[in-house]
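*Asks:* task: produce atomic coordinates for the following.
(one chain, ligands or ions: 2)
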Amino acid sequence: PETITIQELANRMSERGVDVIRLLMRQGQMHKITDVIDADTAQLIAEELGHTVRRVAESDVEEGLFSADDVDEVKLPRPPVVTIMGHVDHGKTSLLDALRKTTVVSGEAGGITQHIGAYQVTSPLGGKITIIDTPGHAAFTSMRARGAKVTDIVVLVVAADDGVMPQTIEAIDHARAAGVPLIVAINKIDKPSADPQRVRNELLRHEVVVESMGGETLEFEVSAKAGTNLDKLLEGLQLQSEILDLRANPDRSAEGNVIEAKLDRGRGPVATVLVDRGTLRVGDIVVAGCEWGRVRALVADNGSQIKEAGPSVPAEVLGFNGTPEAGDRVAVVENEARAREITDFRTRQRREKLAARGAGAGRSLADMMR
Ligand code: GDP
Ligand code: MG
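*Replies:* Numbering: from 1, shown residues only. Ligands and ions are numbered 1, 2, ... in the order given. Have a look, this model is predicted:
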């Protein structure tokens, strides 16, 4: 049900909180300023104080922001977005670095890549692959908890000299819960103590059946350190992506997700965005969570400025008025007024939710004292 704190209601009417409390008291309700009242009561109070009430539902404000697929929209193949997961010390960071060094799409040969939260490489088969630059499960789960689905494929790194460990199992569970296919990278095969078959057997116990055991999960024996079979792994990612038939319409206003965001001393708020439909362009007005801005510049993973970013192309977005949060959904809107309307509404909602939580805690404490 819709609720509002007395403070917020008073603020919106430009009335004093005590006058609202007094009116409620006259109706036999005892409240303090931080208490939450329901929308009907709030409307009664507002009308009593001579205000006209226009109740705005979330659906009114957010309508059209994330539109459904158009029946005859043309969807073109898009690169897969890949996250690397696995147990600590099994080689996630090493693999990220090694893959990045192979072929960075947008960089000149030997060019230095920036850390922007994601980067793109080319598989030996020619397809592009977008790799999220933050290893680990925290990023994956926190984004998923916020409803963002940013990953198409999980690369599960298992060290061949160590085998399946607790965080390996955790990663399998996360991928399964998200409905995201796994590709297994059996890492550190350069080590004399490496035992890749043991890894396969242990994975089987967790119902991950790799290809060489008759299953459907692609597996590759790799060495992040020696660079062994990284090309095979990239090919595997492209093949898996083709099986998934990932597509998006680049020809519409952009929507996507914030992968990373920070406040940069020189550049102001910087958000790394992965577009999942449409094309984001310099000059677009964007909203992300409670923040909005006009895209002043787009920066690619090699540090160069680009004019647009289509589906699965990672780009830093400059021009937000505040710093959004990782996992925030991004959308282009028609104008600044619309951006303000949406972000003001969301900011109010967030404030009310926080207040409601605070007031709720107060009430239950009071209940306990009774
Ligand atoms: P993470 O915790 O999963 O990110 O693992 P790291 O990438 O930090 O690697 C942990 C350790 O394993 C480091 O000392 C790496 O140098 C080492 N390592 C990673 N990959 C390989 C590999 O393929 N072969 C060998 N021999 N060592 C590796
Ligand atoms: Mg690491």
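*Asks:* most centrally placed residue in the protein?
*Replies:* residue 327 (2.9 Å; Cα atoms, centre = their mean).
*Asks:* wait, that residue touches residue 141, no?
*Replies:* No. Look at residue 327 against residue 141 with Cβ atoms under 8 Å: they stay out of range, at 10.2 Å. (C-beta placed from N, C-alpha, C; glycine too.)
*Asks:* ok, back up a step: residue contacts, the residue nearest to the centre of the chain?
*Replies:* 142-143, 145-148, 257-258 (Cβ atoms under 8 Å, 6 or more residues apart in numbering).
*Asks:* how about a cut-off of 6 Å?
*Replies:* Contacts for residue 327 (Cβ atoms under 6 Å, 6 or more residues apart in numbering) come out as 143, 146, 148.
*Asks:* what subset of the residues you listed is buried?
*Replies:* If you count burial by 16 or more other Cβ atoms under 10 Å, the buried members of those come out as 143, 148.
*Asks:* the contacts of residue 327 into TSV, with extra columns for distance to ligand 2, pLDDT and secondary structure?
*Replies:* TSV is the format used below for these (distance: Cβ to the ion, whole Å; pLDDT from 0 to 100; DSSP: H, G, I helix; E, B strand; the rest coil):
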residue	distance to ligand 2	pLDDT	secondary structure
143	18	76	helix
146	23	71	coil
148	22	70	coil
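*Asks:* quick check, nearest of the contacts of residue 327 to residue 72?
*Replies:* Within the contacts of residue 327, proximity to residue 72 (Cβ to Cβ) peaks at residue 148, which comes in at 27.5 Å.
*Asks:* so residue 183: helix, strand or coil?
*Replies:* strand (DSSP: H, G, I helix; E, B strand; the rest coil).
*Asks:* actually residue 161, not the one I typed
*Replies:* Looking at residue 161 with three-state DSSP, the answer is coil.
*Asks:* does the residue nearest to it when sequence neighbours are not counted count as helix, strand or coil?
*Replies:* Excluding its sequence neighbours, the residue lying closest to residue 161 (Cβ to Cβ, 6 or more residues apart in numbering) is residue 193, at 4.4 Å. Here residue 193 takes the coil state, with states given by three-state DSSP.
*Asks:* please list the residues outside the helix or strand hosting residue 140 that contact it.
*Replies:* Here residue 140 sits within helix 137-145, counting by DSSP states H and E. Residues from elsewhere that reach helix 137-145 (Cβ under 6 Å, 6+ apart): 83, 85, 150, 174, 178, 327.
*Asks:* with stretch 82-100 instead?
*Replies:* Residues from elsewhere that reach stretch 82-100 (Cβ under 6 Å, 6+ apart): 113, 119, 121, 131-132, 135, 137, 140, 151, 153-159, 165, 167-168, 171, 187, 224, 227, 230.
*Asks:* so which of the residues you listed are in helices?
*Replies:* The members of the contacts of stretch 82-100 that map onto helices under DSSP state H are 137, 140, 167-168, 171, 230.
*Asks:* what are the buried residues along stretch 17-33?
*Replies:* For stretch 17-33, by 16+ other Cβ under 10 Å, it's 17, 20-21, 23-24, 31, 33.
*Asks:* quick one: which of those is nearest ligand 1?
*Replies:* Nearest to ligand 1, judged by Cβ to the nearest ligand atom, of these is residue 33 at 49.5 Å.
*Asks:* for the residue of the stretch 151-300 of the chain found nearest ligand 2, which non-adjacent residue is closest in space?
*Replies:* Of all residues in the stretch 151-300 of the chain, residue 157 sits closest to ligand 2, at 9.9 Å by Cβ to the ion. Distances taken as Cβ to Cβ, 6+ apart put residue 86 closest to residue 157, at 3.4 Å, once the chain neighbours are dropped.
*Asks:* show me where pLDDT drops low in the chain?
*Replies:* For the chain, the stretches flagged by pLDDT under 70 are 1, 58-59, 103-114, 135-137, 139, 147, 358-370.
*Asks:* pull up the residues of it that are close to ligand 2.
*Replies:* 92-93 (Cβ under 5 Å from the ion).
*Asks:* and whatever residue of the stretch 51-200 of the chain ends up closest to ligand 2, how far from residue 236?
*Replies:* Using Cβ to the ion, residue 93 is the residue of the stretch 51-200 of the chain that sits closest to ligand 2, at 3.3 Å. For residue 93, the distance to residue 236 equals 20 Å [Cβ to Cβ, to the nearest Å].
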